[in-house]
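Asks: Below are the sequence and a predicted model for it; my questions follow.
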Amino acid sequence: STEGGTVVSIRGRGFMGGGDVRCRFGAMTVVGVVVSASDLVCETPRVDTGGTVKVEVSMDGVEFSRSGVAYAFGVSASVSGVNPSSGAADEGILVTVYGANFAFRTTFGIWFGEVEG
C-alpha cells in the first residue's frame, strides 16, 4: 500500500543489531530492527504513487546493500460513487461501483453495511 506501515520481513545474512539499522525503499529510508543474523523487519514508508522500488539494508545507516531486491507499492482502491444509490434489500438489484485503482480480478467482495453483496 502507498499508505505505508506495512511490516516487511527481509531475509539475508550477516545482520547485526546495535547499530543504525536502516531499510531503504527506493529513495526513502526507514528504521529497521534486526530479528536474527538472517532476518530483519521494517515498516514501509508512505509514498505518493504506486510502483516498484529496490530495497536495500544497512547496519550502520551509511553503507547499504546492493542486492537490488524489488518491492511493489500497491495503490489503494477508492470508491467515488454507486448507481443506484438505494434500493430494497431483497430485490437483487445490480449495483455499479465507480472509483479508481480497482485491481483486475475475476471475483471480489462488496459490503453493503454489514451484508456482503
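Replies: Perfect, thanks for sending it.
Asks: Can you show me the strands along this structure?
Replies: Using DSSP state E, the strands of the chain run over 7-11, 22-25, 28-36, 39-43, 51-58, 69-73, 78-83, 96-100, 111-112, 115-116.
Asks: helices or strands up against the first one?
Replies: So that's strand 7-11. Other helices and strands packing on strand 7-11, by 3 or more Cβ pairs under 8 Å, 6 or more residues apart in numbering; DSSP states H and E, are strand 39-43, strand 51-58. Backbone N, C-alpha and C define where each C-beta goes, glycine included.
Asks: again, but for the longest one
Replies: For strand 28-36, the packing partners by 3+ Cβ pairs under 8 Å, 6+ apart come out as strand 22-25, strand 39-43.
Asks: Relative to Gly61, which of these is closest?
Replies: Closest to Gly61 of the helices and strands packed on strand 28-36 is strand 22-25 (Cβ to Cβ; 5.0 Å).
Asks: any chance of the strands of the chain in CSV, with mean pLDDT, mean neighbour count and distance to Ser1 too?
Replies: Formatted as CSV, the entries for these read as follows, by pLDDT from 0 to 100; neighbours: other Cβ atoms under 10 Å; distance: least, Cβ to Cβ, whole Å:
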stretch, mean pLDDT, mean neighbour count, distance to Ser1
strand 7-11, 95, 13, 12
strand 22-25, 97, 21, 12
strand 28-36, 96, 15, 14
strand 39-43, 96, 18, 11
strand 51-58, 95, 17, 12
strand 69-73, 93, 13, 7
strand 78-83, 87, 10, 12
strand 96-100, 85, 11, 14
strand 111-112, 74, 10, 19
strand 115-116, 66, 8, 22
